[in-house]
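S.K.: please find the sequence and the predicted model below.
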Amino acid sequence: MRSRGRKHIKILHIDDEVNQLDFTKMFLEEIDEDVEVESHLDPEDALKILNESNSVDCIISDYKMLSMDGIRLAEKVREKSTVPFILYTGHGSEEIAERAFEAGIDDYLRKEIDPSHYQVLAKRVRHNVEKHRAEQLYRKVVEESHEGIIISKGSSILYTNRAFTELYGVNSKDQVLKLDLEDLMADQFGDSRNLLDKFTCEDDTSKIFEANLKTVHGEIIPIEVSISKTTFKGEETYLCIVRDINRRKEIQERFNLVLKPEKVARS
């Protein structure tokens, strides 16, 4: 019987030792009743399963295997999926750990004989899966937002959503990611230092200001920018929500024109 409020987790476990596969499956499924472990001896099986299905929530892989080591498997997995990947090995070292994280793994854990160690592995699995699910949900919300969103670090643009791409006037996000913040702003901040001051803020604070966006076609669009700190791919970055306020500006100008004769008449 599964726990209320906890989602099912399907784990793909790769190891070329049958006993290790059997023990890991037995302990993990006993520790967490919401977990299902599918065991495979061949790393190629993991790649085949990922090609055929998106039902896998986490991969646990040994490092030292005959046909393909765990780091090479992680590299191949990252070519097609962001699924959490835990390197679970008895042949660990700082060098192996460093190479593994460079290959895109999410976590690294040394094997231990003590059965209680599987409690640690179970917690690592759930932590990484829940973190990944939260990131996927966040990305979905951001991508489907009607407001333009960019994530920046320094003057570099690391991410943009579809709404901002359309506002800028291009079809491909890659066309925006090639640019710097200076390319988007219509020279209203003077030098780059002033620009970067605008596009940063302190911890636990946000900043809102108005600016002008220069589109790919040279059109100048008045925008409102809301800045706050966020974390993107493990780096401290800034989330910039960009709103087109052209319509608001037009209404404000018309309102001012209506009020102007009244002010003149009163003076």
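M.R.: It's in. Numbering: from 1, shown residues only.
S.K.: CA only for contacts and neighbour counts going forward, please
M.R.: Noted.
S.K.: how near is residue 132 to residue 219?
M.R.: Distance, residue 132 to residue 219, using Cα to Cα, to the nearest Å: 39 Å.
S.K.: cool, and residue 71?
M.R.: Taken as Cα to Cα, the span from residue 71 to residue 219 is 48 Å.
S.K.: I'd say residue 244 and residue 221 touch.
M.R.: Yes: counting by Cα atoms under 8 Å, residue 244 touches residue 221, with 7.0 Å between them.
S.K.: rewinding a little: when residue 71 and residue 219 are compared, which one has more neighbours?
M.R.: Neighbours were counted for residue 71 and for residue 219 using other Cα atoms under 10 Å; residue 71 has more, 23 against 13.
S.K.: the more buried one in helix, strand or coil?
M.R.: When classified by DSSP: H, G, I helix; E, B strand; the rest coil, residue 71 comes out as helix.
S.K.: which non-adjacent residue is nearest it?
M.R.: residue 100 (5.4 Å; Cα to Cα, 6 or more residues apart in numbering).
S.K.: let me see the contact set for the one you found.
M.R.: Residue 100 makes contacts with 71, 74, 87, as judged by Cα atoms under 8 Å, 6 or more residues apart in numbering.
S.K.: tell me where the stretch 151-267 of the chain has strands.
M.R.: 156-160, 206-214, 220-232, 235-244 (DSSP state E, counting those that start in this stretch).
S.K.: actually the stretch 1-150 of the chain, not the one I wrote
M.R.: 9-14, 35-40, 58-61, 85-89, 107-110, 148-153.
S.K.: okay, now the sheet partners of the last one, with direction.
M.R.: Listed by DSSP bridges, the sheet partners of strand 148-153 and their directions read strand 156-160 (antiparallel), strand 235-244 (antiparallel).
S.K.: now the angle from the shortest one to strand 220-232?
M.R.: Orientation check (axes from the mean of the first three to the mean of the last three Cα atoms, to 10 degrees): strand 156-160 against strand 220-232 gives 90 degrees.
S.K.: and what of the longest one?
M.R.: Following the same axes, to 10 degrees, one obtains 150 degrees for the angle between strand 235-244 and strand 220-232.
S.K.: next, the buried residues of strand 235-244.
M.R.: 237-244 (16 or more other Cα atoms under 10 Å).
S.K.: who's in contact with stretch 38-47?
M.R.: Stretch 38-47 has contacts (Cα under 8 Å, 6+ apart) with 10-18, 21-22, 25, 67-68, 73, 76-77.
S.K.: what about that stretch, average pLDDT?
M.R.: In this model, stretch 38-47 has an average pLDDT of 94.
S.K.: pull the distance from that stretch to the chain's centre.
M.R.: 26 Å (Cα atoms, centre = their mean, to the nearest Å).
S.K.: okay, how far is it across that stretch, tip to tip?
M.R.: Stretch 38-47 has an end-to-end distance of 14 Å (criterion: Cα to Cα).
S.K.: same thing with stretch 7-27?
M.R.: Across its full length, stretch 7-27 reaches 19 Å between end residues, using Cα to Cα.
S.K.: and what of stretch 176-193?
M.R.: 21 Å.
S.K.: the longest helix along the chain relative to strand 235-244, how many degrees between them?
M.R.: Longest helix in the chain, counting residues (DSSP state H): helix 117-144. With the same axes, to 10 degrees applied, the angle from helix 117-144 to strand 235-244 works out at 20 degrees.
S.K.: buried set for helix 117-144?
M.R.: 118, 121-122, 124-126, 128-130, 132, 142-143.
S.K.: give me the mean pLDDT for it.
M.R.: In this model, helix 117-144 has an average pLDDT of 91.
S.K.: repeat that for stretch 53-65.
M.R.: Averaging pLDDT along stretch 53-65 yields 93.
S.K.: and residue 257, what pLDDT?
M.R.: Reading off the model, residue 257 has pLDDT 70.
S.K.: use 59 as the first number for this chain going forward.
M.R.: Happy to do that; since the first residue is 59 now, the last one works out to residue 315.
S.K.: surely residue 82 is in contact with residue 176?
M.R.: Yes: counting by Cα under 8 Å, residue 82 touches residue 176, with 7.4 Å between them.
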